[in-house]
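Peer 1: sequence and predicted structure below; questions after.
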Amino acid sequence: MDGDLQIPPLARLLTLNTEIHEMRRDLLSQPLASLRIAELQDGIDRCHRASLATCWLNEGYELDDAGEEYYFDG
């Protein structure tokens, strides 16, 4: 995980976005009773949190008062 800190923020965000897209595709192809659904949902949540942390650590993004939209100040 320490190697991730050396990746530029935009590259990290693109990588996380790709992972989320792949997990969503896998999630939609799972049978209804699949035990893997929860695992995929957790993975998607983890990648979303990592994306937010990447933005915050980059200090170029701020949350609005409602916490729903992101603004870039760079």
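Peer 2: The structure has been received and is ready for your questions.
Peer 1: where exactly do the strands run in this protein?
Peer 2: With DSSP state E as the criterion, the chain has strands at 61-63, 70-72.
Peer 1: for the top helix by length along the chain, the distance to its chain's centre please.
Peer 2: Criterion DSSP state H: the longest helix present in the chain is helix 36-58. Centroid displacement of helix 36-58 relative to its chain, using C-alpha atoms, centre = their mean, to the nearest Å, is 4 Å.
Peer 1: distance of the residue of the chain positioned farthest from its centre relative to Glu22?
Peer 2: In the chain, counting by C-alpha atoms, centre = their mean, Ala33 sits farthest out from the average C-alpha position, at 25.5 Å. As judged by C-beta to C-beta, to the nearest Å, Ala33 and Glu22 stand 22 Å apart. Every residue, glycine included, has its C-beta placed from N, CA and C.
Peer 1: check Asp42 too.
Peer 2: Asp42 sits 15 Å away from Glu22, going by C-beta to C-beta.
Peer 1: which of those two has more neighbours?
Peer 2: Using other C-beta atoms under 10 Å as the criterion, Asp42 and Glu22 rank with Glu22 on top: 14 against 11.
Peer 1: distance-wise, check the more buried one relative to Ser29.
Peer 2: Separation of Glu22 from Ser29 (C-beta to C-beta) stands at 11 Å.
Peer 1: shaky segments in the protein?
Peer 2: Residues of the chain meeting the criterion pLDDT under 70: 1-6, 59-74.
Peer 1: try it again with 50
Peer 2: For the chain, the stretches with pLDDT under 50 are 1, 63, 70, 74.
Peer 1: residue contacts, Pro8?
Peer 2: Residues counted as contacts of Pro8 (C-beta atoms under 8 Å, 6 or more residues apart in numbering): none.
Peer 1: Ile20 - how many residues pack around it?
Peer 2: 18.
Peer 1: same question but for Met23, I mixed them up
Peer 2: Counted with other C-beta under 10 Å, Met23 comes out at 19.
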